[in-house]
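Please work out how this folds:
(2 chains)
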There are 2 protein chains.
Amino acid sequence: MSSGGTEGLFAKKTLEITDDVLLSYKNQGGFDLLGRTVDQIRTTEQVNAAMSTCCDLSLDGLIIIGGVTSNSDAAQLAETFATHNCKTKVIGVPVTLSGDLKNQFVETTVGFDTVCKVNSQLISNICLDAVSAGKYYYFVRLMGGKASHVAFECALQSHPNMVILGEEVALSKLTLMEITNKICEGVEARAAQGKYHGVLLIPEGLIESIPEMYALIQEINNLHSNNVPEDEIPSQLSPWAAALFKFLPPFIRRELVLHQESDNSAQLSQIDTEQLLAHLVEAEMNKRTKEGNYYKGRKFSSVCHFFGSQARGSLPSNFDCNYAYVLGHICVQIVAKGLNGYMATVTNLKDSINKWRCAAVPLTAMMSVRRHLRGPGAVPIGRPVIHPSPIDLKAESYGVLREKASSFLLDDFYRTPGGIQFEGSGADTKPITLTIEGQDYLGDIEILQDYLEKVRIILKPGCSREILKAAISSMASVNDVLKVMSAPLNAELPLYHFS
Amino acid sequence: MSSGGTEGLFAKKTLEITDDVLLSYKNQGGFDLLGRTVDQIRTTEQVNAAMSTCCDLSLDGLIIIGGVTSNSDAAQLAETFATHNCKTKVIGVPVTLSGDLKNQFVETTVGFDTVCKVNSQLISNICLDAVSAGKYYYFVRLMGGKASHVAFECALQSHPNMVILGEEVALSKLTLMEITNKICEGVEARAAQGKYHGVLLIPEGLIESIPEMYALIQEINNLHSNNVPEDEIPSQLSPWAAALFKFLPPFIRRELVLHQESDNSAQLSQIDTEQLLAHLVEAEMNKRTKEGNYYKGRKFSSVCHFFGSQARGSLPSNFDCNYAYVLGHICVQIVAKGLNGYMATVTNLKDSINKWRCAAVPLTAMMSVRRHLRGPGAVPIGRPVIHPSPIDLKAESYGVLREKASSFLLDDFYRTPGGIQFEGSGADTKPITLTIEGQDYLGDIEILQDYLEKVRIILKPGCSREILKAAISSMASVNDVLKVMSAPLNAELPLYHFS
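Prediction:
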């Protein structure tokens, strides 16, 4: 195996993994055994370097562990390796704290449970501190990429007073001031009950979900791509973006023009959205206090936190350990079968381990090209990739959160899960979203196959004409319905095949 | 019992604690059952309000839970209550996360173990993240007041690369630039081994241990006391302090002139010392890189963290729960015996619970007046209080840390304690400093009493003249030695007696 992360792979730095080597890393977090360097294998140079390493060592398989980006890269590698008759099979494994690699085959990713548990532990500590002192609002930003899965799961685990999901903001197209006002209304409602403290969760991706902020960040990214120096960016913004930029407090301005991450998005973790919101809410609350119309409470005080890497290197939860071991075993099977460009997956995770369903799924089944509509005759542009999945606002788990939202806001119904337990009660809990959603895609397919089989058996030669007619009519109708439902929505277009 | 913290006590807001009420708070962290408001009972008004509440309710006892400040207040209350024939007995209980209420009677405080465990968990997560990515230096500041007990214990638990104790800095009178250079030397030593990451612990009190910063903070505090508005403070500093102030980055300047805490110190938790040091180290490393004399490594990058309230409201460790239950039982005994102005204490905590020694210690035994030497004929000024105890740099546990310092710096010998466990292995661990120091003051006094008793028995009438002569000579010598050793060091002066 390569050591030194992807750079080690390119440079053919190897490390034989023996039981002895593994011993001191088993059930530990982090990526320090093989290292972690650049989180992509994408340029022709990188791909060729990886291929030459794999061919020279005549590896049977190359296992790529990561989220949407790494697994998209894995698919590209698989394609290239196959084209060049490199015998190494490329396998992807769903591992990312952000939980945004999620689809019918992937119910959750390794690491998500651990990170949500550690964050929930810390959030609940802060909730207890908040209610003890009774005088501060805590604005807690959580690492987790563009989607808000981490904040969502943590809200269900710790019951903070408020959580603002990026997906809600994007759906309702809330502006920065609308979000600020929403928080202020919460503060006022609590003050009406004599409560001057609270805890608010903010996903790190929120900033990009706010329409005007997204537009501003896009403009800045474009200027970056055109190699405009950081200090000239403000003067080259469009008038509209420049006005917004000027409205923002200086520390946010500075952070926005920082150099971008490798995946071409703003450096989300570097933007102190929690401080921006605390700043805006404080200004608005001071204004309302002064006007004295509806808020006559104490002076609003806030404390900001960002929970980033302190959750990431944690000892993994039992669930994550078990999930990762099973995925590892699946990888061995995939390589043994000689499959290329597949992802190891486990479904029915909500059930006990002996009911988990193992599978190998072609990476292409999760990939699509975002069709960018530009006037009539729209054409798909860009590479096919696995896109991060946002929170499904129609899912049952989101309904649970909405239902409890007003109680969370007002009742200080804080929940205290404590640290990750390895033995005793609570040691085997799973993400709440996972257990609520009760998805079992492959199980459901089996159920459908059973129905089809039953219909086939009932309708063997010898059945009555009436039953046959009824069946044909019913099945024709089912086909029509499914045809309509399966027609492309003009939004995404599956593509890409391995040779 | 009073609810609403000290303000509830003053306002006679009561809450009867029944088993039912306690049920949902047992073994939980935080102060949300009785609340926490102003952390002092000191002004005549406050003391009188507390007394009138206690008298009106004819309480048998008032239990004050807290650190050095609260227990000093408890002693004052006890004195006042006794003077005014208020029958309520005032009892102190040593509870504070900072661990700086520490003396021959108090081996550790309730909360210290929990906070150190949660912090160590997070530090070790960061260590794993640091070694995985291999490109960032993490500057982690830990809440814990003026003394560095929390940082010290966490260093022993998590083995970070560096820790800078306020007590070391104060002893060696290290300047800000000397500390910066010390860190830079560590960074260079690691770079020489190809390591470009690291984790550094900084106690929040460090800033006040740096001589020139202390002087600056004192000047600012004096200006505050004279009601100089915040924006005029910079212009009224002495030339020397003004020069230092100007040298500091703007964010630190802003934080330094912030309004102070109730105990008249700078708002330690508001000063981002970790960012100050990261800023200075980065500037110095850039300079050294440019000069290229001895550092030719990669660009230095830092990430800053402050671990404050996220550790404070945690579910308490088994040790803290047990310790607190025992202290509670002692309080009941103290009140039943009618003792006033005592603290509940437990010693020999390092041993199993059945060997713990319970006691009631007069608060005065822990109090002293700091003698401020001002020329000849120095007089003690100020009130007698319990002073925070710094880390004892001559203690065995500090020796252990020093011995491992160079291995910590270079070997990435990170330790991963994980979250607080409530069952299974590791659930009953105690603070490492507590177990190393092996102090048992009351036990040692018993051993001495045993020796004295043995001598007394040997030397009953009937013993030989020679033995008696030898004994007298030996005891005279012992007395002389002890007389010299017990002479006051002109530093502290025990005072204060309850009527």
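
which ones are touching the residue of chain A found nearest chain B?
Closest to chain B within chain A is A:Gly419: 2.3 Å, counting by CB to the nearest CB. (C-beta placed from N, C-alpha, C; glycine too.) By CB atoms under 8 Å, 6 or more residues apart in numbering or on different chains, the contact list for A:Gly419 reads A:Val118, A:Gln121, B:Val118, B:Gln121, B:Ser314, B:Leu315, B:Gly418, B:Gly419, B:Ile420, B:Gln421.

what's the answer for A:Asn119, then?
A:Leu142, A:Val150, A:Cys154, A:Phe307, A:Ala311.

Could you say which helix or strand holds it?
Assessed by DSSP states H and E, A:Asn119 sits inside helix A:112-133.

Now do that helix and helix B:112-133, the angle between them.
140 degrees (axes from the mean of the first three to the mean of the last three CA atoms, to 10 degrees).

on contacts alone, who are the packing partners of the helix or strand just after helix A:112-133?
For helix A:112-133, the following helix or strand on the C-terminal side (DSSP H and E) is strand A:137-142. Where contact means 3 or more CB pairs under 8 Å, 6 or more residues apart in numbering or on different chains; DSSP states H and E, strand A:137-142 is packed against helix A:112-133, helix A:149-158, strand A:198-203, helix A:273-291, strand A:302-307.

So for the last one, mean pLDDT?
Okay, so that is strand A:302-307. Strand A:302-307 comes out with an average pLDDT of 92.

Can you tell me the SS state at the residue sitting nearest the centre point of chain A?
Nearest to the geometric centre of chain A sits A:Asp100, at 2.1 Å (CA atoms, centre = their mean). Classification of A:Asp100 by DSSP: H, G, I helix; E, B strand; the rest coil places it in coil.

SS state for the nearest residue to A:Gln121 once chain neighbours are set aside?
Distance criterion CB to CB, 6 or more residues apart in numbering or on different chains; nearest residue to A:Gln121, sequence neighbours excluded, is A:Gly419 at 5.3 Å. Using three-state DSSP, the structure places A:Gly419 in coil.

do the same with A:Glu188
helix.

Can you give me the neighbour number for it?
A:Glu188: 15 surrounding residues under other CB atoms under 10 Å in any protein chain shown.

do the same with the one 3 residues further on
Around A:Ala191 there are 19 other residues, counting by other CB under 10 Å.

Would you mind listing the buried residues in the helix or strand hosting A:Cys321?
Per DSSP H and E, A:Cys321 falls inside helix A:318-337. By neighbour count on 16 or more other CB atoms under 10 Å in any protein chain shown, the buried set for helix A:318-337 is A:318-324, A:326-327, A:330-331, A:334-335.

for stretch A:388-400, same thing?
For stretch A:388-400, by 16+ other CB under 10 Å, it's A:Pro388, A:Ser389, A:Pro390, A:Ile391, A:Ser397, A:Tyr398.

ok, back up a step: looking at the helix or strand that comes right after the helix holding A:Cys321 now, give me its mean pLDDT.
The helix or strand immediately downstream of helix A:318-337 is strand A:342-347, counting by DSSP H and E. The average pLDDT within strand A:342-347 is 96.

Name the residues that touch strand A:342-347?
Contacts for strand A:342-347 (CB under 8 Å, 6+ apart): A:71, A:74, A:89, A:91-94, A:105-107, A:323, A:326-328, A:330-331, A:334, A:356-363, A:366, A:439-443.

That strand to helix A:318-337, inter-axis angle?
Using the same axes, to 10 degrees: strand A:342-347 against helix A:318-337 is 140 degrees.

What is the distance between strand A:342-347 and the centre of its chain?
Remark: strand A:342-347 is offset 17 Å from the chain centroid, using CA atoms, centre = their mean, to the nearest Å.

what does the helix or strand hosting A:Tyr451 rub up against?
According to DSSP H and E, A:Tyr451 maps onto helix A:441-458. With contacts defined as CB under 8 Å, 6+ apart, helix A:441-458 is touched by A:Gln104, A:Phe105, A:Thr347, A:Asn348, A:Arg357, A:Ala359, A:Ile467, A:Ala471, A:Met475.

which bits of the stretch 301-450 of chain A sit near chain B?
A:303, A:305, A:307-315, A:416, A:418-425 (CB under 8 Å from any CB of the partner chain).

so can I have a markdown table of the buried residues of stretch A:388-400 showing pLDDT, distance to B:Val131 and secondary structure?
Converted to a markdown table, these look like this (pLDDT from 0 to 100; distance: CB to CB, whole Å; DSSP: H, G, I helix; E, B strand; the rest coil):
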| residue | pLDDT | distance to B:Val131 | secondary structure |
| --- | --- | --- | --- |
| A:Pro388 | 92 | 27 | coil |
| A:Ser389 | 94 | 31 | coil |
| A:Pro390 | 94 | 33 | coil |
| A:Ile391 | 94 | 32 | coil |
| A:Ser397 | 91 | 35 | helix |
| A:Tyr398 | 94 | 37 | helix |
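
Do I have it right that A:Ser317 meets A:Lys117?
Yes. A:Ser317 is within contact range of A:Lys117, at 5.7 Å (criterion: CB atoms under 8 Å).

Can you pull the residues that touch both of these two?
Contacts common to A:Ser317 and A:Lys117, judged by CB under 8 Å, 6+ apart, are A:Ile420, A:Thr429.

burial count for A:Val281?
23.

show me the residues around it that make contact.
A:Val281 neighbours (CB under 8 Å, 6+ apart): A:Tyr137, A:Thr180, A:Ile183, A:Cys184, A:Val187, A:Phe300, A:Ser302.

what sits against A:Ile65?
Contacts of A:Ile65 by CB under 8 Å, 6+ apart are A:Gly92, A:Val93, A:Val95.

Now A:Lys146. Nearest residue, chain neighbours left out?
With CB to CB, 6+ apart, the residue lying closest to A:Lys146 is A:Gly205, at 3.9 Å.

So what does that neighbour look like in phi/psi?
phi -80, psi -10 (degrees, to the nearest 10).

My read is that it contacts A:His149, right?
No. If you go by CB under 8 Å, A:Gly205 and A:His149 don't touch, sitting 9.7 Å apart.

list residues touching both of these two?
In contact with both A:Gly205 and A:His149: no residue, using CB under 8 Å, 6+ apart.

before we move on, the earlier item: closest to B:Gly292 out of the contacts of A:Gly419?
B:Gln121 (39.9 Å; CB to CB).

Brilliant, that's me finished.
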